[in-house]
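*Asks:* prediction below, plus the sequence it came from.
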Amino acid sequence: VGYTTAGEVFGTLAYMPPEQDRGEMELVDRRGDVFALGAILCQILTSQPPYFGPPETLREQAREGKLFGAYLLLDRCGAEQSIILLAKHCLAVDPEARPADAGVLAGMVTECLEGLQDRTKEIEVTRVKMEARLSEAEARERLARQARRLARMLAVAGVMVAAMLATGLGWYANDRIARNQAEDHRRVLAIQQIDE
């Protein structure tokens, strides 16, 4: 008890490559470590290891390389596509389909990170452009509101000026009529005086 025996599988099932769980020790090499690193990446991206479920199903999943659930979770995790593809590449059931070792994987991770940095820069530039457009649109909207307010004020002022002009013209016309009537009245009086 407490000792491993020859041919016994040793490792954490949730992170174990299929060849290791099947006891195919001649196939277990650095690519098994790459699988484990892919499993850790899967855990980081999805909050689940590549094999999950009740303990009795973990061994079958690991032995058969049943990664459908992990691939589904990776596809839905919302991470950048290049990182998802890298995780799937590391989790390949066939050891030959995985990166050869951690050094190769490190290079691939570096490429992904550089791509992500480029993408981040593009996103930042797009964000700055969108903020500039938004500020421009807000400024246009402010100007439009001010123009509408000014137009309303001018309309009110125009109505007031028109009312004042109408009042002034009305007063002038009334005054002119009153003067003409007064003048006519004086003429009539003057003619009456002359007649008398």
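*Replies:* Received it, and whenever you're ready, just let me know what you need.
*Asks:* quick check, central residue of this structure?
*Replies:* residue 127 (9.0 Å; CA atoms, centre = their mean).
*Asks:* helices and strands around the helix or strand harbouring residue 45, which ones?
*Replies:* For residue 45, the enclosing helix or strand under DSSP states H and E is helix 30-46. In terms of contacts (3 or more CB pairs under 8 Å, 6 or more residues apart in numbering; DSSP states H and E), helix 30-46 is packed against helix 68-76, helix 81-90, helix 102-195. (C-beta placed from N, C-alpha, C; glycine too.)
*Asks:* could I get the average pLDDT for it?
*Replies:* Helix 30-46 carries an average pLDDT of 91.
*Asks:* and it, what's buried?
*Replies:* Under the neighbour-count criterion of 16 or more other CB atoms under 10 Å, helix 30-46 has 30-39, 41-43, 45-46 buried.
*Asks:* closest to residue 138 out of these?
*Replies:* Nearest to residue 138 out of these is residue 45 (CB to CB; 37.7 Å).
*Asks:* so that closest one makes contact with residue 77?
*Replies:* Yes - between residue 45 and residue 77 a contact is recorded at 4.6 Å, counting by CB atoms under 8 Å.
*Asks:* which neighbours do those two have in common?
*Replies:* residue 84 (CB atoms under 8 Å, 6 or more residues apart in numbering).
*Asks:* low-scoring stretches of this protein, by residue?
*Replies:* 1-10 (pLDDT under 70).
*Asks:* relative to helix 68-76, how tilted is the helix holding residue 45?
*Replies:* Helix 30-46 and helix 68-76 meet at an angle of 50 degrees, taking axes from the mean of the first three to the mean of the last three CA atoms, to 10 degrees as the criterion.
*Asks:* can you check what angle separates helix 30-46 from helix 81-90?
*Replies:* Using the same axes, to 10 degrees: helix 30-46 against helix 81-90 is 140 degrees.
*Asks:* CA atoms of helix 30-46 as PDB?
*Replies:* Extracted C-alpha coordinates of helix 30-46, given in PDB (Å, rounded to 0.1, in the frame of the first residue of the first chain):
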ATOM      1  CA  ARG A  30       7.100  15.500 -23.900                       C
ATOM      2  CA  ARG A  31       3.900  15.600 -25.900                       C
ATOM      3  CA  GLY A  32       2.100  14.200 -22.800                       C
ATOM      4  CA  ASP A  33       3.300  17.300 -20.900                       C
ATOM      5  CA  VAL A  34       2.000  19.500 -23.800                       C
ATOM      6  CA  PHE A  35      -1.400  17.800 -23.300                       C
ATOM      7  CA  ALA A  36      -1.300  18.600 -19.600                       C
ATOM      8  CA  LEU A  37      -0.400  22.200 -20.400                       C
ATOM      9  CA  GLY A  38      -3.300  22.300 -22.800                       C
ATOM     10  CA  ALA A  39      -5.500  20.900 -20.100                       C
ATOM     11  CA  ILE A  40      -4.400  23.700 -17.700                       C
ATOM     12  CA  LEU A  41      -5.100  26.300 -20.500                       C
ATOM     13  CA  CYS A  42      -8.600  24.600 -20.900                       C
ATOM     14  CA  GLN A  43      -9.200  25.000 -17.200                       C
ATOM     15  CA  ILE A  44      -8.100  28.700 -17.300                       C
ATOM     16  CA  LEU A  45     -10.400  29.400 -20.300                       C
ATOM     17  CA  THR A  46     -13.500  27.400 -19.300                       C
END
